[in-house]
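Peer 1: Structure of the sequence below:
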Amino acid sequence: MTDSDATSQLSIEGSLPTVLRVPAATDRLALVRALVETALYIDDWSLDDVIDAKVAVDEICSQIISAAAESSSMEVTLHLASNGVVGEVRGQLVDGVELDESTFGWRVVQTVTDTHAISYAESSPAEATRDVTIRFSKVRK
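Peer 2: The predicted model follows:
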């Protein structure tokens, strides 16, 4: 079974997501890390899988923070399933900026997650920003 096949079998329908909204600032990364770690430990994940998910979310949030519009926020959503997690991180970027997928940090995200995708919304001319959403999944080993 490929990683994407396993991910497609994550059953999150009807599950209540865990959501955290924080300012898009470096000093809020500790809150995000704590959310991911606590949510997965409560769900009885192994140490290695918790670390992988935490590292991925940390890097995704760091990328958003580095390109974030002034005074914007990030929203982290985790859908926990018995066999994995589907996550989503949303933020607001300065218009015209895209996340750099060629960095070592993004390579880490690709390595520790089973799926990952970035999507951008149309820019808002009035505010000179645009929304970004990064979705990822991690199957429990």
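Peer 1: Cross-check the contact I'm expecting between residue 98 and residue 123.
Peer 2: No - Residue 98 lies out of contact with residue 123 (Cβ atoms under 8 Å); the separation is 11.4 Å. For every residue, glycine as well, the C-beta is placed using N, CA and C.
Peer 1: With neighbour numbers in mind, choose between those two.
Peer 2: residue 123 (15 against 11; other Cβ atoms under 10 Å).
Peer 1: Look up the closest residue to that one, ignoring the ones flanking it.
Peer 2: Using Cβ to Cβ, 6 or more residues apart in numbering and skipping the chain neighbours, the partner closest in space to residue 123 is residue 130 (3.9 Å).
Peer 1: Tell me how many other residues crowd the one you found.
Peer 2: For residue 130, the count of nearby residues is 20 (other Cβ under 10 Å).
Peer 1: in what helix or strand does it lie?
Peer 2: Using DSSP states H and E, residue 130 falls within strand 129-139.
Peer 1: do the same with residue 110
Peer 2: Using DSSP H and E, the element containing residue 110 is helix 104-112.
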